[in-house]
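Enquirer: Show me the folded form of this:
(chains A and B)
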Protein chains: 2
Amino acid sequence: MSLPGNASPSTGEGTEAFGQPFARSRAGDVFQLLRDGRARTRAELAEITGLARSTVAARIDALSAAGLIGPAGEAVSSGGRPPSRFAFQPSARVILAVDVGATHVLIGLLDLSGTVLSERRESIDISAGPTPVLDSVLELCGQLFSQAGRHERELVGIGIGLPGPVEHSTGKPASPPIMPGWDGFDVPGYVQKRFSVDVLVDNDVNIMALGERAAFWPNAGNLLFIKVATGIGAGIISGGLLQRGADGTAGDIGHVRVPRGSEVMCRCGNFGCLEAMASGPAVAAALAASGVPAKTGEDVLDLARRGNLAAIAAMRQAGRDIGDVLAACVNLLNPSVIVIGGGLSCAGEYLMAGVREIVYQRSLPLATAQLRIVQSMAADHAGVLGAGRMVIDHVLAPASVEHLVQRQQ
Amino acid sequence: MSLPGNASPSTGEGTEAFGQPFARSRAGDVFQLLRDGRARTRAELAEITGLARSTVAARIDALSAAGLIGPAGEAVSSGGRPPSRFAFQPSARVILAVDVGATHVLIGLLDLSGTVLSERRESIDISAGPTPVLDSVLELCGQLFSQAGRHERELVGIGIGLPGPVEHSTGKPASPPIMPGWDGFDVPGYVQKRFSVDVLVDNDVNIMALGERAAFWPNAGNLLFIKVATGIGAGIISGGLLQRGADGTAGDIGHVRVPRGSEVMCRCGNFGCLEAMASGPAVAAALAASGVPAKTGEDVLDLARRGNLAAIAAMRQAGRDIGDVLAACVNLLNPSVIVIGGGLSCAGEYLMAGVREIVYQRSLPLATAQLRIVQSMAADHAGVLGAGRMVIDHVLAPASVEHLVQRQQ
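Expert: Just a heads-up that it's a prediction; the model follows:
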């Protein structure tokens, strides 16, 4: 028996390390060296890369023209005019990061170091459909440039998070339950009519995972972000990368069955789904059934904050139900960090205590020895930070840098 | 709020694409181009890489001396002596792939295309401890070379699978339940006293996942391999890579709780674990309790094959219990293929039917639309093929190629 396809690097394990076509990204490769922020001379770059001096000089010129690198002082001369040093110049270009929710949008203008230069939050109604919502978003985006004193020609990419499933490769929403009219809509194409740059779209939980990791857990290669709100979903970072799965549905833990729930029907048509037991509306409905006046997750939060024991007990039980599913996730994925975010996670420690109780009871000792279970620290900003991270990593990758450089020439 | 660490490529998402230090692997990088099997001239390689002609010539010489590439015919001349072409030469070097089980070991001598040149299967007793077991393995390895007409100096790496948790970065078993004396034993160090090459060690389920993928699903970036035998475990390939998690325990689904099992105590001390309900010994015990004479998983298989209805029903129920856990895995990871292997999977379709019944009932429609649930095709060979794939990908990566070339000089 033999292993077919060995000769092709695209099929082997670990081959992502050279997945970017080596041949295609010449200026891009020189840029990857400079991306660490250290300043280097042309001679140093030629020495490190093995490229001819003339080749390095041409690439430095191209990257400078594209605004990605700039002069960064002079090296010590060994006689004659001291050679110039060059370094990544993250403040010269900007990206837009858009976090679209059901009722609000938060938009940030960020530079390529991920620093937020300017930010806007506005009400929207996602159910109005893609055209009116995106028109409002694009108008706000335009205003952010003057607000930050920047110019649209400095824009190199846009990252967008949407509150529903998205086919990441095309940027089209895929049967999103709370987004009537958005199914299959070409979001990047529409946005590019206004801003002619690369546009990446993903679902909100995925970008929240990216944002939380980038801002607070930069060294965590295995992190789960759980959003507990009207729905329940997970963003999975595993082996250092966001995992989207074969069809982009990875992380949909809201419809995993919990033992306690066998009688409760979920909006998906199955019984006992986590979302039918522990989401904001589900907890409110359970409270209402026992005579406590609660209609939404917000109501439950209010009651819990005012010390209502039934609401506190319900929050803790929701935490246990979530913990039951997360215990399986921990055994399966062995993350080092689980971050709980979303509206219902704002209830202080009631929900968290329930989650921790069951995860530490049910998961393997080896998998929980180092595990941390924490509330989201990025909170409302996780989406914008993550959409920013997604698009910055895209525009600074070798192929995109090459493209940017060529557009400039 | 800003994203720290942006300047460092090691923290960004997707940055694995340039995770191999560009500067370190000069011959390695030229080799990555040739790894696709296509023959190229020195001039073509200089053109593609942008490297100086003299640099390319030196690297070609080094790679040829290391036996990784060889001449592959001549290109059409544009006048004068026609230029030579060079290509990856996968048959010039070999690796050893070792699949250690509780009672048997299977060892293969493979070339760098993954073709098995020679193979041996022998009885061992894993509980005899690492020294006697590895001594037997090493003696068998030595014999394989003459059996295949190859020489030990052609060896470039060894991959080993063990039937228990392994810390992959060090190759040391970590509290393996059925391997007394192996905990923390330096397997690579011991093996390297005999063969002075890189030695990679992983647990058996992980290498089975790699082997099954390499041999039969080379294009599946998201594949779950489930081993159902004395224990139950999973090997996870996600985003094209094997996922080991933060502490190397990823895939341990044997101790996820199944709804049916709340009364049954598992050897881990918890109640209702999948392994306590659906492993070979668990199914046998359940049958024995209802008066059917079965002690082991083999007994159950025999009974089922002979048409014993209680055994068939028990196999199907084990499949349902496994399906219950896999339904959650499907929602979480959205694989395109689930492969069921291990001793108990040999029971034909009884187990598989139970698995499919529950996964298709409980998982999200979007996640199961393209999903295939199949029996292992590599069967007994999955471990050797996977250990081979693991070590071939390691020795052909840029840094290892560089190391190999330097040892040769």
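
Enquirer: What degree of burial does the residue of the stretch 51-200 of chain A at minimum distance from chain B show, as a neighbour count?
Expert: Closest to chain B within the stretch 51-200 of chain A is A:Gly114: 2.8 Å, counting by Cβ to the nearest Cβ. From N, CA and C alone the C-beta is placed, and that goes for glycine too. Neighbour count of A:Gly114, defined by other Cβ atoms under 10 Å in any protein chain shown: 26.

Enquirer: Ok, A:Ile338 next?
Expert: For A:Ile338, using other Cβ under 10 Å, the count is 24.

Enquirer: What of A:Leu366?
Expert: Using other Cβ under 10 Å, A:Leu366 has 17 neighbouring residues.

Enquirer: okay but it is in contact with B:Ala250, surely?
Expert: No. Counting by Cβ atoms under 8 Å, A:Leu366 stays clear of B:Ala250, with 10.7 Å between them.

Enquirer: which SS state does A:Glu119 fall under?
Expert: Secondary structure for A:Glu119, judged by DSSP: H, G, I helix; E, B strand; the rest coil, is strand.

Enquirer: Tell me what it is bridged to.
Expert: Counting by DSSP bridges, A:Glu119 is bridged to A:Gly108.

Enquirer: For A:Ser376, which non-adjacent residue is spatially closest?
Expert: A:Gly341 (3.2 Å; Cβ to Cβ, 6 or more residues apart in numbering or on different chains).

Enquirer: Where does pLDDT dip in chain A?
Expert: A:1-27, A:76, A:408-409 (pLDDT under 70).

Enquirer: Can you give the domain ranges for it?
Expert: In terms of domains, chain A is parsed into A:21-88, A:94-196+A:383-408, A:218-377 (source: automatic domain parsing).

Enquirer: So which of the ones you listed is the most surrounded?
Expert: Among these, ranked by average contacts under mean count of other Cβ atoms under 10 Å in any protein chain shown, first place goes to domain A:218-377 (a mean of 21).

Enquirer: Quick one: end-to-end distance for it.
Expert: End-to-end span of domain A:218-377 (Cα to Cα, to the nearest Å): 13 Å.

Enquirer: What is the distance between it and the centre of its chain?
Expert: Counting by Cα atoms, centre = their mean, to the nearest Å, domain A:218-377 is centred 19 Å from the centre of its parent chain.

Enquirer: likewise stretch A:175-185?
Expert: On Cα atoms, centre = their mean, the centre of stretch A:175-185 falls 20 Å from the chain's centre.

Enquirer: For chain B, tell me whether it is touching it.
Expert: Yes. Stretch A:175-185 reaches chain B (Cβ under 8 Å from any Cβ of the partner chain) through A:Ser175.

Enquirer: how about that stretch as CSV, C-alpha atoms only?
Expert: Output of stretch A:175-185 as CSV, limited to C-alpha atoms (Å, rounded to 0.1, in the frame of the first residue of the first chain):
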residue,chain,number,x,y,z
SER,A,175,-29.4,30.6,5.3
PRO,A,176,-29.0,33.1,8.2
PRO,A,177,-32.1,32.6,10.5
ILE,A,178,-32.4,36.2,11.7
MET,A,179,-31.4,38.0,8.4
PRO,A,180,-34.3,37.9,6.0
GLY,A,181,-33.2,38.9,2.4
TRP,A,182,-29.5,38.3,3.1
ASP,A,183,-29.3,34.6,2.0
GLY,A,184,-26.6,34.3,-0.7
PHE,A,185,-26.3,38.1,-1.0
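
Enquirer: now the helices for the stretch 151-300 of chain A?
Expert: Secondary structure of the stretch 151-300 of chain A (DSSP state H, counting those that start in this stretch): helices located at A:187-192, A:204-216, A:274-278, A:280-289, A:297-305.

Enquirer: Which one of those lies nearest to B:Val133?
Expert: helix A:204-216 (41.2 Å; Cβ to Cβ).

Enquirer: Output the closest one as CSV, nothing but the C-alphas.
Expert: The C-alpha trace of helix A:204-216 is given here as CSV (Å, rounded to 0.1, in the frame of the first residue of the first chain):
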residue,chain,number,x,y,z
ASP,A,204,-19.8,37.2,14.4
VAL,A,205,-18.7,34.4,16.7
ASN,A,206,-15.7,33.7,14.6
ILE,A,207,-14.5,37.3,14.5
MET,A,208,-15.1,37.6,18.3
ALA,A,209,-12.8,34.6,18.8
LEU,A,210,-10.1,36.3,16.6
GLY,A,211,-10.6,39.6,18.4
GLU,A,212,-10.4,38.2,21.9
ARG,A,213,-7.4,36.2,21.1
ALA,A,214,-5.5,39.0,19.3
ALA,A,215,-6.2,41.5,22.2
PHE,A,216,-5.8,39.3,25.3
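
Enquirer: Show me what it is packed against.
Expert: strand A:94-100, strand A:155-162, strand A:223-228, strand A:232-238, strand A:241-242, strand A:337-341, helix A:382-395 (3 or more Cβ pairs under 8 Å, 6 or more residues apart in numbering or on different chains; DSSP states H and E).

Enquirer: which parts of the stretch 51-200 of chain A sit against chain B?
Expert: A:51-52, A:55, A:88, A:90, A:112-116, A:165, A:174-175.

Enquirer: Among those residues, which ones are in strands?
Expert: A:88, A:116 (DSSP state E).

Enquirer: Contacts only, for the residue of the stretch 251-400 of chain A found nearest chain B.
Expert: Nearest residue of the stretch 251-400 of chain A to chain B, counting by Cβ to the nearest Cβ: A:Asn334, 2.5 Å away. If you count contacts by Cβ atoms under 8 Å, 6 or more residues apart in numbering or on different chains, A:Asn334 has them with A:222, A:367, B:244-250, B:252.

Enquirer: cool, A:Arg316 as well?
Expert: For A:Arg316, the contact set (Cβ under 8 Å, 6+ apart) comprises A:350-351, A:353-354.

Enquirer: Can you tell me the element it falls in?
Expert: Assigned by DSSP states H and E, A:Arg316 belongs to helix A:309-333.

Enquirer: Report the inter-axis angle for that helix versus strand B:223-228.
Expert: 90 degrees (axes from the mean of the first three to the mean of the last three Cα atoms, to 10 degrees).

Enquirer: Alright, I will stop here.
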